[in-house]
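Enquirer: sequence and predicted model, in that order:
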Amino acid sequence: MFDRNLAYRMIAAATRRVTRLQDELSRLDSVAGDGDHGVNMATALAEAARRGEQHRHQTAGDVFRIAGKAFHDTVGGAAGALFGSFFGVLGARLNRVEPPDAADFVLGVQDGLARVMRIGRSGPGQKTMIDALAPATDRAVESLEAGADLAGVVVAAAQGAREGAASTAAMRPAAGRARYAPDAGIGFEDPGARTVALIFEAWAGEVAESSA
């Protein structure tokens with residue numbers, strides 16, 4: 001069942017994975033940015049996990065909404081707004097039904113992608129987090145249409161995110177601060193896209209384990 005306990009474990013798993021690899025994320029960010037992306041993402045997720053543990057939220061949607069608030073509260077700039085909006089919109093969609101299922105998760109990811117694209121005023125191919133989030137969404141939709149359960153959907157989304165993040169290494173940035181040094185990042189993954197992949201991979205592992 002996709003309940004608040006599973007949602008909390010998903011946030012906690014993402015926190016562990018991003019925290020473990022925060023130096024890598026910051027190195028990617030230092031190519032054309034401030035070099036603080038990794039620590040910012042780790043800090044926001046740790047705060048999301050802390051709030052999720054301390055507050056007895058009743059639904060899975062509540063856990064993701066409070067995670068979005070943690071990003072808004074702890075990370076400045078575009079990253080906080082974009083990741084915070086994604087988590088918040090996902091949580092809002094999950095709260096429309098109780099308990100949510102695989103279809104609700106996919107709808108939430110679709111809503112989150114649309115919000116990120118609108119706020120960031122960007123789309124696929126511009127070397128941003130969207131280049132991982134869009135293929136994650138596409139794979140999740142395909143998996144759901146093929147009859148997959150929640151675990152299958154999240155695993156498919158993680159595969160799409162990982163492939164999408166890898167594809168950014170060959171891209172020149174056309175959005176965000178990195179666009180001012182378009183050649184500097186060639187050969188390096190976008191840190192936002194890499195973060196999306198890490199989060200979905202952590203979610204996939206946790207959901208698959210819970211359904212075993």
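Expert: Perfect, I can see it now.

Enquirer: what about the helices in the chain?
Expert: 4-20, 22-30, 37-54, 60-74, 77-94, 102-120, 130-145, 150-167, 191-211 (DSSP state H).

Enquirer: got a markdown table for those helices, with distance to residue 173 and mean neighbour count too?
Expert: Using the backbone N, CA and C atoms, a C-beta is placed for each residue, glycine as well. Below are the helices of the chain laid out as a markdown table (distance: least, C-beta to C-beta, whole Å; neighbours: other C-beta atoms under 10 Å):
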| stretch | distance to residue 173 | mean neighbour count |
| --- | --- | --- |
| helix 4-20 | 21 | 21 |
| helix 22-30 | 12 | 19 |
| helix 37-54 | 14 | 21 |
| helix 60-74 | 22 | 23 |
| helix 77-94 | 13 | 22 |
| helix 102-120 | 12 | 19 |
| helix 130-145 | 10 | 23 |
| helix 150-167 | 13 | 23 |
| helix 191-211 | 10 | 24 |
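
Enquirer: kindly provide the distance from residue 153 to residue 105.
Expert: 6 Å (C-beta to C-beta, to the nearest Å).

Enquirer: anything in contact with each of these two?
Expert: Counting by C-beta atoms under 8 Å, 6 or more residues apart in numbering, the shared contacts of residue 153 and residue 105 are residue 140.

Enquirer: what about the residue lying closest to residue 211 once chain neighbours are set aside, distance to residue 80?
Expert: Nearest residue to residue 211, sequence neighbours excluded (C-beta to C-beta, 6 or more residues apart in numbering): residue 151, at 4.3 Å. Separation of residue 151 from residue 80 (C-beta to C-beta): 30 Å.

Enquirer: do the same with residue 11
Expert: From residue 11 to residue 80 the distance is 16 Å (C-beta to C-beta).

Enquirer: go on, residue 39?
Expert: For residue 39 relative to residue 80 (C-beta to C-beta), the value is 13 Å.

Enquirer: how far off centre is stretch 137-145?
Expert: 16 Å (C-alpha atoms, centre = their mean, to the nearest Å).

Enquirer: mind checking the pLDDT average for that stretch?
Expert: For stretch 137-145, the mean pLDDT works out to 98.

Enquirer: neighbouring contacts of that stretch?
Expert: With C-beta under 8 Å, 6+ apart, stretch 137-145 has contacts from 102-103, 105-106, 109-110, 113, 152-157, 159-160.

Enquirer: also stretch 34-44?
Expert: 15, 18-19, 21-29, 70-71, 74-75, 79-80, 83-84, 191-192, 195.

Enquirer: for the chain, which spans come out with low pLDDT?
Expert: 55, 175-185, 212 (pLDDT under 70).

Enquirer: chain neighbours aside, what residue packs nearest to residue 204?
Expert: Residue 204's closest residue in space is residue 158 (C-beta to C-beta, 6+ apart), at 3.9 Å.

Enquirer: any idea how far residue 50 is from residue 107?
Expert: 28 Å.

Enquirer: now the phi/psi pair for the residue lying closest to residue 134 once chain neighbours are set aside, please.
Expert: Once flanking residues are discounted, residue 134 sits nearest to residue 124: 4.8 Å by C-beta to C-beta, 6+ apart. Main-chain dihedrals, residue 124, degrees, to the nearest 10: phi -60, psi 150.
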